[in-house]
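1. My questions are about this predicted structure, shown below with the sequence.
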Amino acid sequence: MPRILPSAGQPAVAAGELERLFAQTPDIAFFIKDREGRYTVVNRSLVERNGLRDKSQLIGRRPHEVFPGDLGRSFSEQDARVISSGRPILDHLELHWRAPQRPVWCLTTKLPLRDAAGHVTGLIGISRDVRAPVGVADISAGVSRALEYLENHFAEEMSPSSLARRAGVSQPRFARIVKRVFGMTPGQIITKTRLAAASLKLRESGVSISEVALDCGFFDHSAFTRAFRSATGITPTQFRAGD
């Protein structure tokens, strides 16, 4: 069983201990991958959210060998970037698809694993479901009004600072409240709101992708495609086609 190298003066942690820890967190997918991007450790949540029966269906395989289409390829490409560059991915907002085809917004973090000489030997990561840990009733009236405004006017020019002003609080305080309630930054919740609306329009309307982009608050087709692909792993055209 591999061990995760510690910081100076700290004990190493067995991967199995981390696996047992994350077995108690069904809203978090946990994984460790080797230098080639193959799963070496996964928790039960990662198995079940992808409609699989057993961890053996993931162990020793890379995402594109398990998950169909561009989504699997995008995960493998993301892993390769972390492993080759040694740079982490922190709280990356992504749209995942739980079996059977249920969209779930996640924040994904991937950290490179290094040996004693500092060479990258793989990565360790989590994807946690975005959900509100407290009830909407616990949000102040001003913040609630700002979030309701976002839901109804996401096509307008919008920024964390403008939402904070609408909420009647300072930008740092607004950011703290949004992070506590939704587990996201204000910028992430703006992006999530716009992309969720865009996903619905792509599937339920016949308007052009350029129109969808403008209707959902993106500057142009290219900006929309970049944001959509970053979150979903596929382009708006592929999403609409059901690829």
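-> Good, I have the coordinates. Residues are numbered from 1 along each chain as shown.
2. Model confidence for the spatially closest residue to G233 that is not a sequence neighbour, exactly?
-> Excluding the flanking residues, the one nearest G233 by Cβ to Cβ, 6 or more residues apart in numbering is S74, at 3.1 Å. (Each C-beta comes from the backbone N, C-alpha and C, glycine too.) At S74, the model reports a pLDDT of 82.
3. okay, now S74: neighbour count?
-> Counted with other Cβ atoms under 10 Å, residues neighbouring S74 total 19.
4. can you confirm it is in a helix?
-> Yes: checked against DSSP: H, G, I helix; E, B strand; the rest coil, S74 lies within a helix.
5. who are the neighbours in contact with it?
-> By Cβ atoms under 8 Å, 6 or more residues apart in numbering, the contact list for S74 reads R229, G233, I234.
6. For the first one, pull up the helix or strand it's in.
-> R229 is part of helix 221-232 when elements are defined by DSSP states H and E.
7. cool, the last one as well?
-> In this structure, I234 is located outside every helix and strand according to DSSP H and E.
8. S210 is in contact with D220, isn't it?
-> Yes: S210 sits in contact with D220 when judged by Cβ atoms under 8 Å, with a separation of 7.3 Å.
9. Those two - which one has more neighbours?
-> The residue with more neighbours, out of S210 and D220, is S210; 14 against 10, by other Cβ under 10 Å.
10. now the longest helix along the chain, how far from the centre of its chain.
-> Looking across the chain with DSSP state H, the single longest helix is helix 186-204. Helix 186-204 sits 14 Å away from the centroid of its parent chain (Cα atoms, centre = their mean, to the nearest Å).
11. i'd like the first residue to be 132 from this point on
-> With the count now opening at 132, the last piece we talked about shows up as helix 317-335.
12. Would you mind listing the outside residues contacting it?
-> Helix 317-335 has contacts (Cβ under 8 Å, 6+ apart) with 222, 224, 226, 234, 236, 238, 261, 278, 281-282, 285, 289-291, 294-295, 305-306, 309, 313, 315, 338, 340, 343-344, 346-349, 355, 358-359, 362-363, 367, 370-371.
13. Equivalent analysis for stretch 348-366, please.
-> Taking Cβ under 8 Å, 6+ apart as the rule, stretch 348-366 contacts 200-202, 204-206, 223-226, 285-289, 321-322, 325-326, 329, 340-341, 343-345, 347, 367, 370, 374.
14. now with 7 Å?
-> Residues from elsewhere that reach stretch 348-366, judged by Cβ atoms under 7 Å, 6 or more residues apart in numbering: 201-202, 205-206, 224-226, 285-287, 289, 322, 325-326, 329, 340-341, 344, 367, 370, 374.
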